[in-house]
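>>> 3D model of this:
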Amino acid sequence: MVDWSHCPLCGCQDFEVASEETILGLGGIYLSRGEDGTISAEWSGHTEVIWDTSSTTGYVCTSCDEPLPRDYQDELAKALR
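I've put the predicted structure just below:
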């Protein structure tokens, strides 16, 4: 059983937890062919996020911004299923 009264890393009491997420997106790339036949690619600076691809990769304490220990990670994952 984990102790949620304080962060096990920094000791902060009543600490908040944030999830780390990965999400896919489509980025715009411009391709151009030089006169000598070489190809160059440039990112357009725009990415279209695909929101329904979000998945949680872990949990961090918002006070110290460090990933919580594995037992805390497992408890949160189980509670949030």
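>>> direction included, what does whichever strand or helix holds Gly28 pair up with?
Per DSSP states H and E: Gly28 is located in strand 25-33. Looking at strand 25-33 with DSSP bridges, its partner strands are strand 39-49 (antiparallel).
>>> give me the neighbour count for the nearest residue to Ser40 once chain neighbours are set aside.
Sequence neighbours aside, Ser32 is the residue nearest to Ser40 in space, at 5.4 Å (criterion: Cβ to Cβ, 6 or more residues apart in numbering). Heads up, the C-betas are built off the backbone N, CA and C, glycines and all. Using other Cβ atoms under 10 Å, the number of residues around Ser32 comes to 9.
>>> which pLDDT value does the model give Ser32?
If you check Ser32, the pLDDT there is 94.
>>> now it: how far from Gly45?
16 Å (Cβ to Cβ, to the nearest Å).
>>> ok, Gly34 next?
From Gly34 to Gly45 the distance is 22 Å (Cβ to Cβ).
>>> follow-up on the earlier one: buried set for the strand holding Gly28?
Buried positions in strand 25-33, judged by neighbour count with 16 or more other Cβ atoms under 10 Å: none.
>>> which residues touch the residue nearest to Ser40?
Ile39, Ser40, Glu42 (Cβ atoms under 8 Å, 6 or more residues apart in numbering).
>>> so the second one touches Leu31, yeah?
Yes - under the criterion of Cβ atoms under 8 Å, Ser40 is in contact with Leu31, at a separation of 7.3 Å.
>>> can you point out the buried residues in stretch 37-54?
So for stretch 37-54, nothing qualifies as buried (16+ other Cβ under 10 Å).
>>> what mean pLDDT does that stretch have?
93.
>>> now what about that stretch, what contacts it?
21-34.
>>> those helices in the protein, which residues are they?
Using DSSP state H, the helices of the chain run over 70-79.
>>> and the residue nearest to Ser40, how far from Ala79?
51 Å.
>>> and Ile23, by the same measure?
From Ile23 to Ala79 the distance is 22 Å (Cβ to Cβ).
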